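Participant: The following comprises the amino acid sequence and a computationally predicted model.
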2 protein chains.
Amino acid sequence: MGGLRGRLITFEGVDGAGKSTQTALTAAALGQRGYDVLVTREPGGTRLSEEIRRLLLDPRFSEMAGSTEALLYASARSQLVREVILPALEAGRVVLCDRFVDSSLAYQGYGRGISIDLLYTVNAFALDDLGPFFTILFDLASEQGLERSETRESDRLEQESASFHQRVRDGYLALAAAAPERIRVVDGSGTPAEVQTRVWAQLLTFLEGREQGAPFTAPEPGQ
Amino acid sequence: MGGLRGRLITFEGVDGAGKSTQTALTAAALGQRGYDVLVTREPGGTRLSEEIRRLLLDPRFSEMAGSTEALLYASARSQLVREVILPALEAGRVVLCDRFVDSSLAYQGYGRGISIDLLYTVNAFALDDLGPFFTILFDLASEQGLERSETRESDRLEQESASFHQRVRDGYLALAAAAPERIRVVDGSGTPAEVQTRVWAQLLTFLEGREQGAPFTAPEPGQ
């Protein structure tokens, strides 16, 4: 990780919190300012990871065990990191990722009750030596997020109950509280332009190098 | 795991060592003796795991990272254990599995050089509370195995180098040395009937309950 090195910024939050819209707006704004930007998403972003995504989101696989789901997300992530993210960072690019490792802890851990400690170990394996990154967490009352996402076709995960989505939201906030150097909470309510203003306020110090973000660390050591 | 509980027997070894043939012969012999037998295989054995198998063996995915491969095997295993193996054991059946968790340690660990300790953790997550099982390791000079398997269409893994297959064979033998209560080495040379005689000599004590096998444990603790 010597010399020129890019920056990784991940966007997290419950369904409908505005991640994809804000990822696109941020990419456009960065491009206008002369940054070399790469936009990707999870699960997916590589040929193989998109195949894994297809399995993960297919509503026909209702029998999928929570541990299977967690391992499939980690496998898609492992490939994305090695094939796309690490090479782009080495080339000095700014990588924006719509969902990343915190989604696994929030959804499989806090949402489904899988051990946070085990999820951390599995995902540390998937991330290898990724180094520090920066995360914007869009927070929105989960019922607001569900209302927004109801306008879209629902996939396997979106069919979960309201209490599941509430646990995911609470989990995200717990992750942010445990990793304040990396995860910044942004209010996801209001218009896309209003939210984008809040995103920029958080991103500037990271882009200008005054903050470094932080590597992925165990949210609850020793649990 | 109270009351009536079946037995899990896994068959391991390098390609061409005779696993599939011996799995079928053993199933037939067990059936003749009145055992309720279920035969399955890895990766695969469930609708979802067979989809994961298709990704793992597809020669077009030459870009697949070692860690991605290890996580995909673990995800297929996680689903097989929960959907097929645990219910069959609860029902008192004898489950024969053509490849299982030792394949991941031998191929991804000893073969590709991924940390055995990390592979153990990921796979312990996939196996959950599986309990004790018994493993027959067919040993064969790896060049003999490759000769046998050359008559079949080669998949992504079979296209690896001879030194890779040698490391896998040596790795299997190291795993057996570290877990003698669970893993029994059987000479894979000779005719299928000759090998089957050797398999039965090892299986009888386990089937009759005089030996219990052992759970999956870290082969190199603290590594």
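Facilitator: Looks like it arrived, so ask away. Numbering: from 1, shown residues only, chains lettered A, B, ... in the order given.
Participant: Under the pLDDT cut-off, which ranges of chain A? List them.
Facilitator: Within chain A, the segments meeting pLDDT under 70 span A:1-4, A:142-160, A:220-223.
Participant: Grab the nearest non-local neighbour of the residue nearest the centre of it.
Facilitator: In chain A, the residue lying closest to the centroid (C-alpha atoms, centre = their mean) is residue A:99, at 2.5 Å. Using C-beta to C-beta, 6 or more residues apart in numbering or on different chains and skipping the chain neighbours, the partner closest in space to residue A:99 is residue A:42 (4.2 Å). In short, each C-beta sits where N, CA and C put it, glycine included.
Participant: Burial check on the one you found, number of neighbours?
Facilitator: 21 (other C-beta atoms under 10 Å in any protein chain shown).
Participant: Work out the gap between stretch A:106-124 and the centre of the chain.
Facilitator: 14 Å (C-alpha atoms, centre = their mean, to the nearest Å).
Participant: Can you list phi and psi of residue A:18 for me?
Facilitator: Phi and psi for residue A:18, reported as degrees, to the nearest 10, are phi 110, psi 10.
Participant: gap between it and chain B?
Facilitator: From residue A:18 across to chain B, the span is 30 Å (C-beta to the nearest C-beta, to the nearest Å).
Participant: near chain B, which residues of chain A?
Facilitator: By C-beta under 8 Å from any C-beta of the partner chain, the part of chain A that sits against chain B consists of A:46-48, A:51-52, A:55, A:61, A:63-65, A:67-68, A:70-72, A:74-76, A:78-79, A:82-83, A:118, A:121-122, A:125-126, A:128.
Participant: Let's see which of those end up in helices.
Facilitator: Under the assignment DSSP state H, those contribute A:47-48, A:51-52, A:55, A:67-68, A:70-72, A:74-76, A:78-79, A:118, A:121-122, A:125-126 to helices.
Participant: Which among those residues count as buried?
Facilitator: A:48, A:51-52, A:55, A:67-68, A:70-72, A:74-76, A:78-79, A:118, A:121-122, A:125-126 (16 or more other C-beta atoms under 10 Å in any protein chain shown).
Participant: sorry, back to before: do you know how far the residue nearest to residue A:99 is from residue B:54?
Facilitator: Per C-beta to C-beta, to the nearest Å, residue A:42 is found 22 Å from residue B:54.
Participant: now residue A:138
Facilitator: Distance from residue A:138 to residue B:54, by C-beta to C-beta: 35 Å.
Participant: More neighbours: those two, which one.
Facilitator: residue A:138 (24 against 13).
Participant: from memory that one sits against residue A:189, does it?
Facilitator: No: the criterion here is C-beta atoms under 8 Å, and residue A:138 misses it with residue A:189 at 9.4 Å.
Participant: overlap in contacts of those two?
Facilitator: Residues touching both residue A:138 and residue A:189 (C-beta atoms under 8 Å, 6 or more residues apart in numbering or on different chains) are residue A:195.
Participant: Residue A:129: neighbour count?
Facilitator: 8.
Participant: now swap in the one 4 residues further on and tell me
Facilitator: When counting by other C-beta under 10 Å, one arrives at 23 neighbours for residue A:133.
Participant: How about it, nearest residue that isn't a chain neighbour?
Facilitator: residue A:8 (3.8 Å).
Participant: For residue B:119, see how far away the one you found is.
Facilitator: Noted for residue A:8: a distance of 26 Å to residue B:119, by C-beta to C-beta.
Participant: And for residue A:137?
Facilitator: 32 Å.
Participant: okay, now the residue lying closest to residue A:73 once chain neighbours are set aside: neighbour count?
Facilitator: Spatial nearest neighbour of residue A:73, chain neighbours left out: residue A:104 (5.0 Å); criterion: C-beta to C-beta, 6+ apart. By other C-beta under 10 Å, the residues close to residue A:104 number 25.
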